[in-house]
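**Student:** let's see this in three dimensions:
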Amino acid sequence: MCHVDKENLPTDAEFKGHESVIVQNLKIETGTVNLKKIRIVV
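**Tutor:** Below you'll find the predicted structure:
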């Protein structure tokens, strides 16, 4: 939730509760992972 400074609101403003809002983002990205493994030669 965001804080609202009541001094910036009109004097007749009334709190009417909360409202849920859903925001969806689509994130497409690539990634590279460099793995090193142990080689043992006998």
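
**Student:** from Val4, how far out is Phe15?
**Tutor:** Between Phe15 and Val4 the distance is 9 Å, computed by Cβ to Cβ, to the nearest Å. All C-beta spots, glycine's among them, are computed from the backbone N, C-alpha and C.

**Student:** swap that for Val33, sorry
**Tutor:** 44 Å.

**Student:** what about Arg39, how many neighbours?
**Tutor:** Neighbourhood size, Arg39 [other Cβ atoms under 10 Å]: 5.

**Student:** next one: Gly17
**Tutor:** Gly17 has 4 nearby residues by other Cβ under 10 Å.

**Student:** element containing it, please.
**Tutor:** Under DSSP states H and E, no helix or strand contains Gly17.

**Student:** what's the spacing between it and Lys36?
**Tutor:** Distance from Gly17 to Lys36, by Cβ to Cβ: 56 Å.

**Student:** residue contacts, Lys6?
**Tutor:** Under the criterion of Cβ atoms under 8 Å, 6 or more residues apart in numbering, Lys6 has no neighbours.

**Student:** what's the burial count for Ile38?
**Tutor:** 4.

**Student:** secondary structure class of it, three-state.
**Tutor:** On the three-state scheme (DSSP: H, G, I helix; E, B strand; the rest coil), Ile38 is labelled coil.

**Student:** pLDDT at it, what is it?
**Tutor:** Predicted confidence (pLDDT) for Ile38: 84.

**Student:** any idea how far it lies from Thr32?
**Tutor:** Using Cβ to Cβ, Ile38 is found at 21 Å from Thr32.

**Student:** one more: Ile40?
**Tutor:** 26 Å.

**Student:** and what of Val23?
**Tutor:** Counting by Cβ to Cβ, the gap from Val23 to Thr32 is 29 Å.

**Student:** what of Leu26?
**Tutor:** Taking Cβ to Cβ, one finds Leu26 at 21 Å from Thr32.

**Student:** how about Glu7, phi and psi?
**Tutor:** Dihedral angles of Glu7 (phi, psi; degrees, to the nearest 10) stand at phi -70, psi -20.
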